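Trainee: with the input below, show me the fold.
(chains A and B)
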Amino acid sequence: MSETKTVRITIDGRSIDAPVGQTVLEAARQHNIDIPSLCYHPGVEAFGACRLCVVEIRKHNWTPDWKQLVTSCLFPVEEGLIVETRSPEVMENRKVVLDLQLARVPNSDVIRQLAAEYGIHDTSYEKREDADDCIMCGLCVRVCDAIGAHAISTLSRGPEKYVDVPNKDACIGCLACALTCPTNAIEYIEEGNMRTIWDKTFEVVLDPVNKKPIATPEQIAHFSKQSGLPEDYFTKSDATRKKETAASFARVMFD
Amino acid sequence: MSPKSKTGKRRDPGDVAALEPTAGDTGAKVPASPSKATGDSCDPMDPVCICDTMDEIFTHYPREEASLIMILQELQDRFNWLPDAALERIAEELDIPKSRILAVSTFYKSFSLDPRGRKVIKVCTGTACHVRGAGMLLEEFERVLDIPVGEGMTDDGTFSLESVNCVGACAMAPAVLVNDRYYAKVGPGNLGKLLTKERES
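Mentor: Numbers count the residues shown, from 1 in each chain, chains lettered A, B, ... in the order given. Take a look at the predicted model:
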């Protein structure tokens, strides 16, 4: 492995060496320092939408009373950076964010639990009527784009903004959006070999051995095209594939 | 929705003053949208027609993601709305997912994904117009045209109705814009006259 340049930063009084290019959130998590977040996912570009990962920063050349609140998921590490993840300002900020989130998604268990951790049991704002559990973090959109299906997008703007699949043909039924959604707001049904998501029903290919659902034919075709691997690579579960490989090794070894 | 035409000549307040659009309102002199006529005669439901229009629009802009909004604007100018077939074509030509094009076209209020009338009536509901009774005027338009604000068009396909926040013509309050033409001091009294005039032209 090539040498990566590192910088020394301080998080909550702990001195940490972090590689250049890493964000404060990544550096903190790597050293088991907890910063809450909802819209962050290591697999896709950070977005800074949920505002929960705010931290307080100071730089070595700033006067001591200077500080700034930044979203740690977007802020890159730099030499001499001083980070506080639980300062009074940070906690106050997160409380406001959670209070607002609670007004938007009053029925979400995830948000309710998180808010309770910060001492908020009920929102001080007016609750949204007919609320679903979507916090508009846009993670599903980014995940869908990363997968290459480009089916999901946010439509409209402001208070009316919502997430939808405007182009149903593009959805390959891979469930990536539903499984990464921080508040489990995207519903799907899986029964036998049928899977329904975004009002679109797919037939699911079952594992040849344990009969567990693996993937939709659309998903298999998409992944195969993207990876250059044959389609039948994607029609088996990892467990089945391991067993098959083991069996073929056994044949080679003992025959 | 940027007001391009400022206040025009002073008119008799009692009269429905049609202030002709000033320079920059139509693409007549701007090469970017050379012929409104092509758009008007082109049927957005006709795939061949759409193709020809789109071919022409694509010659005005580089084929890159950054051109998206300009292309959508010209398309909106030509048809008064964004036909689905045209969006498909843009997705293909610029290599942008259609979902993103829809995100952009639903984000901006100046784009419409539903067919709109030949003439779009924009009733200004900015502060000055609001004070001078734009709300009542809007209701009156809804009643006379029998269409809700922001949706659909009249049965004959002539008018669509919209409310806008400020057209920058506060001295003319309550102001109404029909396509690019400004009307000053419109009220329930002279609204009929306005509609008759627009129907005929």
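Trainee: residue A:35 - that's part of a helix, no?
Mentor: No: counting by DSSP: H, G, I helix; E, B strand; the rest coil, residue A:35 is located in no helix; its state is coil.
Trainee: pretty sure it sits against residue A:28.
Mentor: Yes: look at residue A:35 against residue A:28 with CB atoms under 8 Å: they come within range, at 5.2 Å. In this view, the C-beta of every residue, glycine as well, is placed from N, C-alpha and C.
Trainee: leaving out sequence neighbours, find the closest residue to the residue in the stretch 51-200 of chain A that chain B sits nearest to.
Mentor: Closest residue of the stretch 51-200 of chain A to chain B, CB to the nearest CB: residue A:150 (3.2 Å). Leaving aside its sequence neighbours, residue A:150 sits nearest to residue B:97 (CB to CB, 6 or more residues apart in numbering or on different chains; 3.2 Å).
Trainee: count of neighbours near that neighbour?
Mentor: Residue B:97 sits with 19 neighbouring residues when counted by other CB atoms under 10 Å in any protein chain shown.
Trainee: ok, it - contacts?
Mentor: The contact partners of residue B:97, taken as CB atoms under 8 Å, 6 or more residues apart in numbering or on different chains, are A:145, A:150, A:153, A:167, A:170, B:91.
Trainee: pretty sure the fifth one sits against residue B:98.
Mentor: Yes: at 7.2 Å, residue A:170 and residue B:98 qualify as touching, with contact defined as CB under 8 Å.
Trainee: elements contacting the strand or helix carrying residue B:70?
Mentor: Assigned by DSSP states H and E, residue B:70 belongs to helix B:68-79. Other helices and strands packing on helix B:68-79, by 3 or more CB pairs under 8 Å, 6 or more residues apart in numbering or on different chains; DSSP states H and E, are helix B:36-41, helix B:47-58, helix B:84-94, helix B:98-107.
Trainee: among the ones you listed, which is nearest residue B:161?
Mentor: helix B:98-107 (19.4 Å; CB to CB).
Trainee: quick check: domain ranges of chain B?
Mentor: B:17-23+B:115-200, B:45-107 (automatic domain parsing).
Trainee: any chance of JSON lines for these, columns mean pLDDT?
Mentor: JSON lines is the format used below for those (pLDDT from 0 to 100):
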{"stretch": "domain B:17-23+B:115-200", "mean pLDDT": "86"}
{"stretch": "domain B:45-107", "mean pLDDT": "89"}
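Trainee: minimum distance to residue A:246: which of the ones you listed has it?
Mentor: domain B:45-107 (40.9 Å).
Trainee: quick one: residues contacting residue A:218.
Mentor: Taking CB under 8 Å, 6+ apart as the test, what residue A:218 contacts is A:171, A:172, A:173, A:202.
Trainee: look at it and report its pLDDT.
Mentor: In this prediction, residue A:218 carries a pLDDT score of 93.
Trainee: try residue B:6
Mentor: As predicted, residue B:6 sits at a pLDDT of 41.
Trainee: again with residue A:226
Mentor: pLDDT recorded at residue A:226 is 89.
Trainee: same question for residue A:62.
Mentor: 91.
Trainee: how close does the residue lying farthest from the centre of chain B get to residue B:72?
Mentor: Residue farthest from the centre of chain B, counting by CA atoms, centre = their mean, is residue B:95 at 27.5 Å. Spatial separation of residue B:95 from residue B:72 under the definition CB to CB, to the nearest Å is 16 Å.
Trainee: strands along the stretch 51-200 of chain A, start to end?
Mentor: A:54-58, A:68-71, A:82-84, A:153-155, A:162-164, A:188-191, A:194-197, A:200-203 (DSSP state E, counting those that start in this stretch).
Trainee: picking up where we left off before, got the angle between the helix holding residue B:70 and helix B:47-58?
Mentor: 130 degrees (axes from the mean of the first three to the mean of the last three CA atoms, to 10 degrees).
Trainee: near chain B, which residues of the stretch 51-200 of chain A show up?
Mentor: For the stretch 51-200 of chain A, the residues in contact with chain B (CB under 8 Å from any CB of the partner chain) are A:144-145, A:150-157, A:165-167, A:170.
Trainee: what subset of these is buried?
Mentor: Buried by 16 or more other CB atoms under 10 Å in any protein chain shown: A:144, A:145, A:150, A:151, A:152, A:153, A:154, A:155, A:165, A:166, A:167, A:170, out of these.
Trainee: what number of residues lie near residue B:189?
Mentor: Burial of residue B:189 is recorded as 11 neighbouring residues (other CB under 10 Å).
Trainee: coming back round to it: quick one: the strands of the stretch 51-200 of chain A as a markdown table, columns for mean pLDDT too.
Mentor: Formatted as a markdown table, the strands of the stretch 51-200 of chain A follow (pLDDT from 0 to 100):
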| stretch | mean pLDDT |
| --- | --- |
| strand A:54-58 | 96 |
| strand A:68-71 | 96 |
| strand A:82-84 | 95 |
| strand A:153-155 | 94 |
| strand A:162-164 | 94 |
| strand A:188-191 | 92 |
| strand A:194-197 | 94 |
| strand A:200-203 | 93 |
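Trainee: adding distance to residue B:124, write those out as CSV.
Mentor: CSV is the format used below for the strands of the stretch 51-200 of chain A (distance: least, CB to CB, whole Å):
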stretch, distance to residue B:124
strand A:54-58, 40
strand A:68-71, 39
strand A:82-84, 49
strand A:153-155, 26
strand A:162-164, 28
strand A:188-191, 45
strand A:194-197, 44
strand A:200-203, 42
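Trainee: and of the ones you listed, who's closest to residue A:117?
Mentor: Going by CB to CB, the one of those nearest residue A:117 is strand A:54-58, 15.5 Å.
Trainee: so what strands line up beside the closest one?
Mentor: Note on strand A:54-58: by DSSP bridges, its sheet partners are strand A:68-71 (antiparallel), strand A:82-84 (antiparallel).
Trainee: for the first one, buried residues please.
Mentor: Meaning strand A:68-71. The neighbour-count check on strand A:68-71 (16+ other CB under 10 Å) flags A:69, A:70, A:71 as buried.
Trainee: in contact with residue 161, which residues?
Mentor: Chain wasn't specified; assuming chain A. A:136, A:154, A:155.
Trainee: actually, chain B is the one I wanted.
Mentor: With CB under 8 Å, 6+ apart, residue B:161 has these contacts: B:120, B:121, B:123, B:138, B:141, B:142, B:145, B:147, B:148, B:149, B:150.
Trainee: what is the distance between the helix or strand where it lies and the centre of its chain?
Mentor: Secondary structure assignment for residue B:161, by DSSP H and E: strand B:159-164. In terms of CA atoms, centre = their mean, to the nearest Å, the centre of strand B:159-164 is set 8 Å apart from its chain centre.
Trainee: can I get that strand as PDB, trimmed to CA atoms?
Mentor: What follows is strand B:159-164, C-alpha atoms only, in PDB (Å, rounded to 0.1, in the frame of the first residue of the first chain):
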ATOM      1  CA  PHE B 159     -56.400  30.000 -21.500                       C
ATOM      2  CA  SER B 160     -54.600  28.700 -18.500                       C
ATOM      3  CA  LEU B 161     -54.600  30.500 -15.200                       C
ATOM      4  CA  GLU B 162     -51.700  31.100 -12.800                       C
ATOM      5  CA  SER B 163     -50.900  33.200  -9.900                       C
ATOM      6  CA  VAL B 164     -47.400  34.700  -9.700                       C
END
